[in-house]
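Student: okay, sequence plus prediction incoming.
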Amino acid sequence: MDPGLSPIGPEQVRTLLAGVDTGRNSRTAESLLLSTLGYITDQPDPLDLKIAAAVVAEMREAARTFAPYRETPKVTVFGSARTKLGDPLYRHAYQIAHDLASVGWMVVTGAGPGIMQAAMEGAGRENSFGVSIRLPFEQGANPVIAGDEKYVSMKYFFTRKLMLVKESRAFVCLPGGFGTLDETFELLTLTQTGKGLPAPIVLLDLPGDDYWKTVHAFVTEQLVTRGLVSEADTGLYVLTDSCATASDEITRFYSNYDSIRYVGDHLVIRLRQSPSDEQIDELNASFGHLVSSGRIARVDPFPEEIRHDDHVGLPRIGFEFVKHRSGDLRAMINMLNGFTPQASSPPPEEPSSS
């Protein structure tokens, strides 16, 4: 028997699922059940099995928590749990969350004290989600979100980080310790490698503070000069000490750009306004190096998009993408947004998965 396959075959799994409403996910549901049964019959170490069971349970709980708000855009705020009330950083976190909540965004944090609590206070309980980690030296959720239906507690950092990233369309990183740096650099890694969707990432300092400026200097002086990352990768984030600039960066990112999807070798970018012929030529002149074959062009929805009813009413462009140039892709999205004045339209819906 192949590793990972259970003695129960696909037909038996389909029988087990016959009375379960899986929607359009029947194939994925069959694969999940087959893999689960295979893992059980592998007779793994009891601790490994407990981890797998806990991960599935945590992901289910988190998915059920976020599901009613799937169409509301969310911003995740990272930062130190040690920042105290009265610290100017606390006020800064409060302000950026308040500004974004006032234009229709919900705020996601790790549900702890410090920056996380400040952001939730700024957004208000009704506009906040908390995804906490159970630690021996911290006391559960902060009072803003404790007991709320939009709060979920996680045992594992990796499932928590998955939800903090997966559910949001924008990210604000304020100064913090090892955890904040870990979250920020993992977020940048996901975006750089194409494992995460393009999104505005704002490194927000206090006026007169050089926390993120110092991090940026390390990136440019050590990583870029050594060829460990490309200079274009520094375009994946925006450095500012202004809450107004941070808020504008996030809302402007979705002024024309809506979402992307990979269909085979093609990258499809869905937009609010179709580019003109002249703008298509400008895109090809500036970003033709992102195309492995052919050129950037307006395209109709692909059959896969139609089958999943995936933003089929939006105009779109498509091309065969050189997938290791995510920094340049971000610059291309900036150009697309520059083609259309920023409108006071409602926030975009959550992106569909590819």
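Tutor: The structure has been received and is ready for your questions.

Student: excluding sequence neighbours, find me the nearest residue to Leu314.
Tutor: Sequence neighbours aside, Arg270 is the residue nearest to Leu314 in space, at 4.4 Å (criterion: CB to CB, 6 or more residues apart in numbering). Backbone N, C-alpha and C define where each C-beta goes, glycine included.

Student: list the neighbouring strands of the helix or strand harbouring the one you found plus their orientation.
Tutor: For Arg270, the host element (DSSP states H and E) is strand 266-271. Next to strand 266-271 in the sheet, as set by DSSP bridges, lie strand 257-263 (antiparallel), strand 316-320 (antiparallel).

Student: next SSE downstream of that strand?
Tutor: Taking DSSP H and E, what comes next after strand 266-271 is helix 277-287.

Student: buried residues, that next one. List them.
Tutor: Gln279, Ile280, Glu282, Leu283, Asn284, Phe287 (16 or more other CB atoms under 10 Å).

Student: on that earlier part again, adding mean neighbour count, write the strands paired with strand 266-271 out as a markdown table.
Tutor: Shown next, in a markdown table, are these (neighbours: other CB atoms under 10 Å):
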| stretch | mean neighbour count |
| --- | --- |
| strand 257-263 | 19 |
| strand 316-320 | 21 |
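
Student: ranges for the strands of the stretch 101-250 of the chain?
Tutor: 106-109, 128-133, 151-154, 170-173, 201-204, 238-240 (DSSP state E, counting those that start in this stretch).

Student: from the buried residues of helix 277-287, which is closest to Thr214?
Tutor: Here the nearest of the buried residues of helix 277-287 to Thr214, counting by CB to CB, is Phe287; it sits at 31.4 Å.

Student: longest helix of this protein?
Tutor: Taking DSSP state H as the criterion, the chain has its longest helix at helix 46-66.

Student: dump the C-alpha coordinates for it into PDB.
Tutor: Extracted C-alpha coordinates of helix 46-66, given in PDB (Å, rounded to 0.1, in the frame of the first residue of the first chain):
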ATOM      1  CA  PRO A  46       0.400   9.400  19.500                       C
ATOM      2  CA  LEU A  47       1.700  12.900  19.800                       C
ATOM      3  CA  ASP A  48       1.800  13.300  16.100                       C
ATOM      4  CA  LEU A  49      -1.800  12.100  15.800                       C
ATOM      5  CA  LYS A  50      -2.800  14.500  18.600                       C
ATOM      6  CA  ILE A  51      -1.200  17.400  16.700                       C
ATOM      7  CA  ALA A  52      -3.000  16.500  13.500                       C
ATOM      8  CA  ALA A  53      -6.300  16.300  15.300                       C
ATOM      9  CA  ALA A  54      -5.800  19.600  17.000                       C
ATOM     10  CA  VAL A  55      -4.800  21.300  13.800                       C
ATOM     11  CA  VAL A  56      -8.000  20.200  12.000                       C
ATOM     12  CA  ALA A  57     -10.100  21.200  14.900                       C
ATOM     13  CA  GLU A  58      -8.500  24.600  15.300                       C
ATOM     14  CA  MET A  59      -8.800  25.400  11.600                       C
ATOM     15  CA  ARG A  60     -12.400  24.300  11.600                       C
ATOM     16  CA  GLU A  61     -13.200  26.600  14.600                       C
ATOM     17  CA  ALA A  62     -11.400  29.500  13.000                       C
ATOM     18  CA  ALA A  63     -13.100  29.000   9.700                       C
ATOM     19  CA  ARG A  64     -16.500  29.000  11.300                       C
ATOM     20  CA  THR A  65     -15.600  32.200  13.200                       C
ATOM     21  CA  PHE A  66     -14.600  34.100  10.100                       C
END
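
Student: picking up where we left off before, for Asp310, find the nearest of the strands paired with strand 266-271.
Tutor: strand 257-263 (6.4 Å).

Student: give me the contacts around the closest one.
Tutor: 197-198, 267-272, 302, 304-305, 310-311, 314, 318, 321, 333, 336-337, 348, 351-352, 354 (CB atoms under 8 Å, 6 or more residues apart in numbering).

Student: of those, select the buried ones using a PyMOL command.
Tutor: PyMOL command restricting these to the buried ones, with burial defined by 16+ other CB under 10 Å:
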select buried, resi 197+198+267+268+269+270+271+272+302+305+310+311+314+318+321+333+336+337+348+351
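
Student: between the longest helix of the chain and strand 128-133, how big is the angle?
Tutor: Going by axes from the mean of the first three to the mean of the last three CA atoms, to 10 degrees, helix 46-66 is angled at 170 degrees with respect to strand 128-133.

Student: elements contacting helix 46-66?
Tutor: helix 26-41, strand 128-133, strand 151-154, helix 157-166 (3 or more CB pairs under 8 Å, 6 or more residues apart in numbering; DSSP states H and E).
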